[in-house]
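**Student:** any chance you can model this:
(chains A, B, C and D)
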2 protein chains.
Amino acid sequence: MRLSHQEPPANLAQRLADSGLRNTPQREVVYNALLVRRDHPTADEVYTRVRPEMPTISLATVYNCLETLVQCDLVRQVNFERGPSRYCANLLPHAHFHDEKTGATYDIPLPPEVLAHVRSVLPAGYEAKTVEITFHGQAPIA
Amino acid sequence: MRLSHQEPPANLAQRLADSGLRNTPQREVVYNALLVRRDHPTADEVYTRVRPEMPTISLATVYNCLETLVQCDLVRQVNFERGPSRYCANLLPHAHFHDEKTGATYDIPLPPEVLAHVRSVLPAGYEAKTVEITFHGQAPIA
DNA sequence: TCAGCGAATAAGAATCATTCCAATCAGCAA
DNA sequence: TTGCTGATTGGAATGATTCTTATTCGCTGA
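**Tutor:** A predicted model of the protein is given here:
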């Protein structure tokens, strides 16, 4: 039985299988929630968005699913200061802009040459697997 | 009575005064702790480093002092994922390299042109007050 | 089809960093 | 000395997340 009109992404089942994990309805609705509204929700926000569709899901399961998706490289976990973790289904290289007034988060695409330039500041011997770039300030009023 | 052989930085009293705040022995020892060992300690680590010198200080006060120092722009607060906040007395523009194996943190100096290049990715209207750049990976064995 | 097994889920307890709170305390001014 | 304001203390409270335990699910082989 299909719980949502959203097509579950072919990606998900594939990636889970690649990691030797099972696909489950919970993982599907959680992943879908991140795909349909890309506003960097917290685990708790995902929980409330998902409950109408699946009222029996638990917050612990939402945390588990999100962690699984992060491990499968389908989702990025984003942290600002010590606030609750936020989750992001945009896999293209991008920075985050955190609006200090509204708390909103915007993705800023990162051209490869900028990324390369940033990596060039590393002294010899430092092997960076990931680079995180976060701006804090005020976004346009729009 | 001087509690430490470290000279309390002339900066501190000045900066506190500029913000209309008082200088206190607690703020001095906390700031000094960050100056003498620049390994990005957590509040708790500062607490244990400072207690031999001032056994009556409380953890809450360490938190308060650190927050005060951050607000006076004498100290930077650094967060990795959702781990405890770390504190850094290096005020020159720099990125952080977080060693995933050891947990150690290294400062990576940031030339102004790299910083400018990074800022150039922002679309018109985005006003960034600060940029945070963090590398995750493996640092040289040295 | 059914039993068995490991993985996934659910519910609630536990953890940990941090903040809050209420009661003192310290330094300066009148 | 007395007040006043900000700072410190110690402990309680908070909040996000993780852990624990029992239960359920889904697949595999008989």
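**Student:** quick one, what contacts the residue positioned nearest the centre of chain A?
**Tutor:** Centroid check for chain A by Cα atoms, centre = their mean gives residue A:88 as the closest residue, at 2.2 Å. Counting by Cβ atoms under 8 Å, 6 or more residues apart in numbering or on different chains, residue A:88 touches A:34, A:38, A:40, A:75-78, A:96, A:107. C-beta here means a position set from N, CA and C on the backbone, and glycine is covered the same way.
**Student:** try residue A:79
**Tutor:** Residues near residue A:79 by Cβ under 8 Å, 6+ apart: A:85-86, B:79, B:81-82.
**Student:** at 10 Å what do you get?
**Tutor:** Contacts here follow Cβ atoms under 10 Å, 6 or more residues apart in numbering or on different chains; on that basis residue A:79 touches A:85-86, A:96, A:132, A:134, B:79-83.
**Student:** what does stretch A:19-30 contact?
**Tutor:** Applying Cβ under 10 Å, 6+ apart, the set of residues contacting stretch A:19-30 from outside is A:1-4, A:6, A:8-9, A:12-17, A:31, A:43, A:46-47, A:49-54, A:56-58, A:61-66, A:68-69, A:71-75, A:87.
**Student:** report the contact partners of the residue of chain A most remote from its centre.
**Tutor:** Centroid-distance maximum for chain A: residue A:124 at 31.1 Å, with Cα atoms, centre = their mean. By Cβ under 10 Å, 6+ apart, the contact set of residue A:124 is residue B:140.
**Student:** tally up the residues packed near residue A:58, please.
**Tutor:** Applying other Cβ atoms under 10 Å in any protein chain shown, we find 11 residues neighbouring residue A:58.
**Student:** pretty sure it contacts residue A:43?
**Tutor:** No: here residue A:58 does not reach residue A:43: they are 11.4 Å apart, not a contact under Cβ atoms under 10 Å.
**Student:** which neighbours do those two share?
**Tutor:** residue A:64.
**Student:** the residue nearest to residue A:133 when sequence neighbours are not counted - how many residues pack around it?
**Tutor:** Nearest residue to residue A:133, sequence neighbours excluded (Cβ to Cβ, 6 or more residues apart in numbering or on different chains): residue A:95, at 3.9 Å. Counted with other Cβ under 10 Å, the neighbours of residue A:95 add up to 24.
**Student:** what about residue A:95, distance to DNA strand D?
**Tutor:** To DNA strand D, residue A:95 is 20 Å away according to Cβ to the nearest atom of the strand, to the nearest Å.
**Student:** what's the answer for residue A:115, then?
**Tutor:** Taking Cβ to the nearest atom of the strand as the measure, residue A:115 and DNA strand D are separated by 26 Å.
**Student:** separation between that residue and chain B?
**Tutor:** Residue A:115 is 9 Å from chain B, where distance means Cβ to the nearest Cβ, to the nearest Å.
**Student:** low-confidence regions, chain A specifically.
**Tutor:** A:1-10 (pLDDT under 70).
**Student:** run the last query once more with 80
**Tutor:** Residue ranges of chain A with pLDDT under 80: A:1-10, A:142.
**Student:** could you chop it up by domain?
**Tutor:** A:10-86, A:92-137 (automatic domain parsing).
**Student:** what sits closest to residue A:62 if chain neighbours are left out?
**Tutor:** With sequence-adjacent residues excluded and distances taken as Cβ to Cβ, 6+ apart, residue A:62 is closest to residue A:47, at 4.7 Å.
**Student:** ranges for the helices of chain A?
**Tutor:** A:10-18, A:25-36, A:43-50, A:59-71, A:112-119 (DSSP state H).
**Student:** now the fourth one: buried residues?
**Tutor:** When you say that, I think you mean helix A:59-71. The neighbour-count check on helix A:59-71 (16 or more other Cβ atoms under 10 Å in any protein chain shown) flags A:61-66, A:68-69 as buried.
**Student:** among these, which ones lie close to DNA strand C?
**Tutor:** The subset of the buried residues of helix A:59-71 lying close to DNA strand C, counting by Cβ under 7 Å from any atom of the strand, consists of A:61, A:64-65, A:68.
**Student:** end to end, how far does stretch A:89-105 reach?
**Tutor:** End-to-end span of stretch A:89-105 (Cα to Cα, to the nearest Å): 13 Å.
**Student:** buried ones in it?
**Tutor:** A:89-90, A:94-99, A:105.
**Student:** farthest-apart pair in the residues you listed, please.
**Tutor:** The largest separation in the buried residues of stretch A:89-105, counting by Cβ to Cβ, is between A:89 and A:99 at 19.9 Å.
**Student:** having no further points to raise, I will conclude here.
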